[in-house]
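[1] predicted structure and sequence below. I'll ask about it afterward.
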Amino acid sequence: MPDRSIREAVLHQDVERIAHNEDPPDPQRPAFHFTAPRNWLNDPNGLIQWEGTYHLFYQHDPDSPLHGLMHWGHARSTDLVHWQHEPVAIAPTRDSADEDGVFSGCAVDDNGTPTAIYSGIQGPHQTICLATSDDHLVTWRKDPGNPVIASTPPGLDLLTTPDRTVHYRDPSVWRSGDEWRMIVGSGITGVGGAVLLYRSTDLRNWEYLHPMLVGDIGQHDPIWTGTMWECPQLIPLGDRHILLISVWHDRQTLYTAHFVGDLHDDGRFTPEHVEIVDPGSFYAPQTFQDDEGRRIMIGWLREQRDREAMAESGWNGAMSIPWVLSLGDDNRVRYTPAPELEALRSDHRRFSDLAVAPGEQTMVPDIAGDCLELSATIEPGTSTSCGLVLRRSPDGAEETRIVFDPTSNALWIDRSRSSLDERADRTPHEAQLDLIAGQPLNLRIFLDRSVLEVAANERTILSERTYPSRPDSIGVGIFAEGGPATFATIDAWTITASM
Ligand code: DQQ
C-alpha cells in the first residue's frame, strides 16, 4: 500500500522529509546522479533555465517504485549538479484528459509565463494538455481548455495497439519567428515512426501541418528505428539540425537515436545520417539551451535489474550527467560532460605511461571506489582488446570491464561478472566508434555506484547499470589482450555526493 503520509508530503511542500531517508543507505543508489526522493522516475521533462535557475521536471510516480500513475516531479539547481527537490509539479486530475497520467512534455517561456505542454492520458486516449505557473514554476494551473489537442490529425493511420491506444505523445515546442511550432511523437501503421508537425500563435490553438519525418520499418541499416518514436526533439546545432527520437516497439523502449540533417522552410526534415545516441541504459533524453547558449542534454538511465529487485529498492531510475552537445567538423555530434561537474572532484591522482602486456590485468594502485571520475588516454597498439576494470573485488569474483576492441572499433561494457546478484542484467550493448588506426582512445568515465557512464573521444556515449553486491568491489585496473597496450595517462578523482 502506498504510504499516504509520504504521498501528502510529496504533493505538499515537505520534500526534505521524504528525500533520501534510507537507513542504512542503499549502496546502489547514485550519489551525484539525480534520483527522485523515492519511487519511480523516468523521462526528463520541461528542462528549462528560468531566471537563472535550472529546472528539471521528470516522469514520476510518487506512490510506486514501478511505472504507474505518472506525475511531473520537480527539482531545481543553480549549477546543474546540486539539485533541490521540489513538490510534485503536475499531478493527474480525476475525470479529466490526464486522469490516467501526466506523460512527457516540455516547458517554454510564453512571454514571461512558464508554460508546460504535456501528454494527457485517459484510458486509450493520448492528447496534448497545457499548464502554467505564476509562482516561479512551483505550482501549476491546468488550462481550462484542456486538452488543447483532443484528437489526432485526420487521414493518418497512426499506430494503434490492441488495447486501442493510438500512440501519439510527448510534445516538444519551440518559437519560430512569430509562431510556435510543436512536434509530437507517433508512428504510422506499417510504415514506421513519425514526428508530426504543428503550428500555433497562442499555444492553445494548433494547426496540424504534416509529418516532419517518417521512418521506415523495413530499413535496418545502419539501425532499425522501430514502429513508434517517443520524445522527439528538434535541435539546431552548428549549421545543421538534429532530430532526436526514442525508438519504441511493441511496448519496449529500445534506444535513443538521432538524425543529423537539414530543416527546410516548409518544416520538413531531410536526414543525412542516423545513429544510436547511447545503446545502453540511456533513453528519452531532453535538451535545452541555457543562458550561456549551451545545448545541454539529460537522459533517463533505466534500471537494469529485475522487477523484484526494483520494487525492493524503493527507488527507480536516475538521470544522466548533463552532456553539452556540439557539432564537429564531420557533422557528427560531440558530447562533453558539463564542466560544472568538476566542482565535485577531489583527491586528484595521475598515472602516466602504464604499459600492459598481452593477457595481463593489473590493478592501479591508489584508485579505488564506487564514486569516481576517470579520464584515460589509451594507445591500443597491437592489442585485440584493452580497457579498464572497475568495481573489482579483491578475489575477482565481481568486476566490470570497459572493453575497446580496435579490430572492430567497438566499445562495450562487460557486465558478465559485475554482480553476484542474479537479478542484475548482464546483456552487453555495443557502441560503434570511428577511431582511425593509431588514434588514441580517450575515455571519460563517471562511476556512481550502480551508474556507469562513458564517453569515448567525445564522439560516443555509453551508459550501463551495474549492481555489485560486495562492499569490497571497488578496485580499478587496466588490461590488454592479444598484444600490448599503453595507458598514456590516467587521471582519477574521487567524487563527492551532490544529492
Ligand atoms: N515515457 C512517458 C511517455 C514517453 C515515454 C511515460 C518514454 O510520455 O513516451 O512515462 O519513456
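    Perfect, thanks for sending it. Worth saying up front: this structure is predicted, and the values here are computed from it rather than measured. Residues are numbered from 1 along each chain as shown.

[2] which residues of the stretch 101-250 of the chain lie near the ligand?
    Within the stretch 101-250 of the chain, the positions adjacent to the ligand are 103-104, 119, 169-170, 230-231, 246 by C-beta under 6 Å from any ligand atom. For every residue, glycine as well, the C-beta is placed using N, CA and C.

[3] just the strands from the stretch 1-150 of the chain, written as ranges.
    Remark: strands assigned in the stretch 1-150 of the chain by DSSP state E, counting those that start in this stretch are 39-50, 53-61, 71-77, 84-90, 102-110, 113-122, 125-132, 141-142.

[4] quickly run through the sheet partners of the last one, with directions.
    For strand 141-142, sheet partners with direction are given as strand 125-132 (antiparallel), following DSSP bridges.

[5] who touches the partner strand?
    With C-beta atoms under 8 Å, 6 or more residues apart in numbering as the test, strand 125-132 has contacts from 90, 97-98, 102-103, 105, 110, 113-120, 140-143, 145-151, 165-169, 171, 182, 184, 203-204, 206.

[6] what average pLDDT does stretch 277-286 get?
    In this model, stretch 277-286 has a mean pLDDT of 98.

[7] cool, and stretch 249-267?
    96.

[8] likewise stretch 95-104?
    Per-residue scores along stretch 95-104 average to 98.

[9] what distance separates the start and the end of it?
    Length of stretch 95-104, first residue to last, C-alpha to C-alpha, to the nearest Å: 19 Å.

[10] how far off centre is it?
    23 Å (C-alpha atoms, centre = their mean, to the nearest Å).

[11] before we move on, the earlier item: would TSV of the strands of the stretch 1-150 of the chain with mean neighbour count and distance to residue 260 be doable?
    Converted to TSV, the strands of the stretch 1-150 of the chain look like this (neighbours: other C-beta atoms under 10 Å; distance: least, C-beta to C-beta, whole Å):
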stretch	mean neighbour count	distance to residue 260
strand 39-50	24	21
strand 53-61	24	26
strand 71-77	23	29
strand 84-90	21	33
strand 102-110	23	21
strand 113-122	23	26
strand 125-132	22	27
strand 141-142	16	37
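
[12] save these as a markdown table, and put in distance to residue 287 too.
    Formatted as a markdown table, the strands of the stretch 1-150 of the chain follow (distance: least, C-beta to C-beta, whole Å):
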| stretch | distance to residue 287 |
| --- | --- |
| strand 39-50 | 7 |
| strand 53-61 | 12 |
| strand 71-77 | 16 |
| strand 84-90 | 20 |
| strand 102-110 | 10 |
| strand 113-122 | 16 |
| strand 125-132 | 20 |
| strand 141-142 | 26 |
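
[13] could you pull out the helices for the stretch 351-499 of the chain?
    For the stretch 351-499 of the chain, no helices are identified by DSSP state H, counting those that start in this stretch.

[14] which residues touch the closest residue to residue 96 other than its chain neighbours?
    Excluding its sequence neighbours, the residue lying closest to residue 96 (C-beta to C-beta, 6 or more residues apart in numbering) is residue 146, at 6.8 Å. The contact partners of residue 146, by C-beta under 8 Å, 6+ apart, come to 96-98, 120, 127, 129-130.

[15] distance of the residue nearest to residue 377 when sequence neighbours are not counted relative to residue 383?
    Spatial nearest neighbour of residue 377, chain neighbours left out: residue 488 (4.5 Å); criterion: C-beta to C-beta, 6+ apart. Per C-beta to C-beta, to the nearest Å, residue 488 is found 14 Å from residue 383.

[16] residue in the stretch 151-300 of the chain with the shortest distance to the ligand?
    residue 230 (3.6 Å; C-beta to the nearest ligand atom).

[17] the nearest residue to residue 413 once chain neighbours are set aside: neighbour count?
    Nearest residue to residue 413, sequence neighbours excluded (C-beta to C-beta, 6+ apart): residue 464, at 4.5 Å. For residue 464, the neighbour count with other C-beta atoms under 10 Å is 28.

[18] just the CA coordinates for the helix or strand residue 182 falls within, please, in PDB.
    Assigned by DSSP states H and E, residue 182 belongs to strand 179-188. Listed next in PDB are the C-alpha coordinates belonging to strand 179-188 (Å, rounded to 0.1, in the frame of the first residue of the first chain):
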ATOM      1  CA  GLU A 179       4.700  31.400 -34.200                       C
ATOM      2  CA  TRP A 180       5.100  28.400 -32.000                       C
ATOM      3  CA  ARG A 181       6.000  25.100 -33.600                       C
ATOM      4  CA  MET A 182       5.400  21.700 -32.000                       C
ATOM      5  CA  ILE A 183       6.300  18.200 -32.800                       C
ATOM      6  CA  VAL A 184       4.600  15.100 -31.400                       C
ATOM      7  CA  GLY A 185       5.900  11.500 -31.400                       C
ATOM      8  CA  SER A 186       3.900   8.800 -33.200                       C
ATOM      9  CA  GLY A 187       4.100   6.000 -35.700                       C
ATOM     10  CA  ILE A 188       2.300   5.200 -39.000                       C
END
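
[19] buried sites along it?
    Within strand 179-188, the residues scored as buried using 16 or more other C-beta atoms under 10 Å are 180-188.

[20] also stretch 242-258?
    Neighbour counts over stretch 242-258 (16+ other C-beta under 10 Å) mark 242-249, 253-258 as buried.

[21] same question, stretch 63-70
    Quick answer for stretch 63-70 (16+ other C-beta under 10 Å): 63, 65, 69-70.

[22] what residue of the protein is the furthest out?
    No residue in the chain has its C-alpha farther from the mean C-alpha position than residue 357, which lies at 36.8 Å (C-alpha atoms, centre = their mean).

[23] just list the residues touching that residue, thanks.
    Applying C-beta under 8 Å, 6+ apart, the residues contacting residue 357 are 480, 484.
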